[in-house]
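*Asks:* Here's a sequence, model it:
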Amino acid sequence: MTSIQPAPGVLIGYRALCIGTALLMVATGIGMQFFTGFMPTLLADIPNEAERHRQLAEWDRLAPMMTLTVAYCYGLAVIYGLGVFIPRKFWGWVIGIVLIGLALTTCALPFAIWVGILWLKPEVRSWFEGPTAGPSRETIPPPVSGE
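*Replies:* Predicted coordinates for the structure are as follows:
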């Protein structure tokens, strides 16, 4: 008889980390879009014409990078939004650890460290490798070597 393991409590923290990071990325994307849209207007108010043209030329070089950064932020927001719904499979645990690692690069660093430490506990990993997760690695026969 197999007993059903309750979900580890770290899943609540992990989902909060994903939702918070997704909202952070959306806010960053919106802020950068706002900045990108208003920058030429702000630069147009420079009274010195030579300086204004120099600044506008510099902005023309930076605008594509800002656009890519906005797209990157929105892409990460979608990935973190989907990360909330990881399945109870081993690859779901791997996706979780990858998203926690990416969150270490944001201002959620202290919370991501805490969630990461709890995520690496053996009971969390075994929950993802539980009865609904498919065959465990112990039941998979070892590869046959060519003897």
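*Asks:* drop to CA atoms for contacts and neighbour counts, all remaining ones
*Replies:* Will do.
*Asks:* Would you map the strands across this structure?
*Replies:* Using DSSP state E, the chain contains no strands.
*Asks:* how about low-confidence regions in it?
*Replies:* 1-4, 131-142, 146-147 (pLDDT under 70).
*Asks:* Walk me through the domains of it.
*Replies:* 21-85, 87-133 (automatic domain parsing).
*Asks:* mind putting these in TSV, distance to residue 5 and mean neighbour count included?
*Replies:* Supplementary listing: the domains of the chain in TSV, determined by distance: least, Cα to Cα, whole Å; neighbours: other Cα atoms under 10 Å:
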stretch	distance to residue 5	mean neighbour count
domain 21-85	18	15
domain 87-133	7	17
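*Asks:* just so I know, which of the ones you listed lies nearest residue 145?
*Replies:* Of all the domains of the chain, domain 87-133 sits nearest to residue 145, with 25.9 Å by Cα to Cα.
*Asks:* I'd guessed residue 124 sits against residue 6; true?
*Replies:* No. Using Cα atoms under 8 Å, residue 124 is not in contact with residue 6, being 10.3 Å away.
*Asks:* Go through the domains of the chain and name the closest to residue 14.
*Replies:* Proximity to residue 14 (Cα to Cα) singles out domain 87-133 among these, at 6.2 Å.
*Asks:* Enumerate every residue touching the nearest residue to residue 116 once chain neighbours are set aside.
*Replies:* Nearest residue to residue 116, sequence neighbours excluded (Cα to Cα, 6 or more residues apart in numbering): residue 100, at 6.2 Å. Residue 100 sits next to 14, 17, 112, 115, 116 when contact means Cα atoms under 8 Å, 6 or more residues apart in numbering.
*Asks:* circling back to that earlier point, now the domains of the chain in TSV, with distance to residue 143?
*Replies:* Below are the domains of the chain laid out as TSV (distance: least, Cα to Cα, whole Å):
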stretch	distance to residue 143
domain 21-85	33
domain 87-133	20
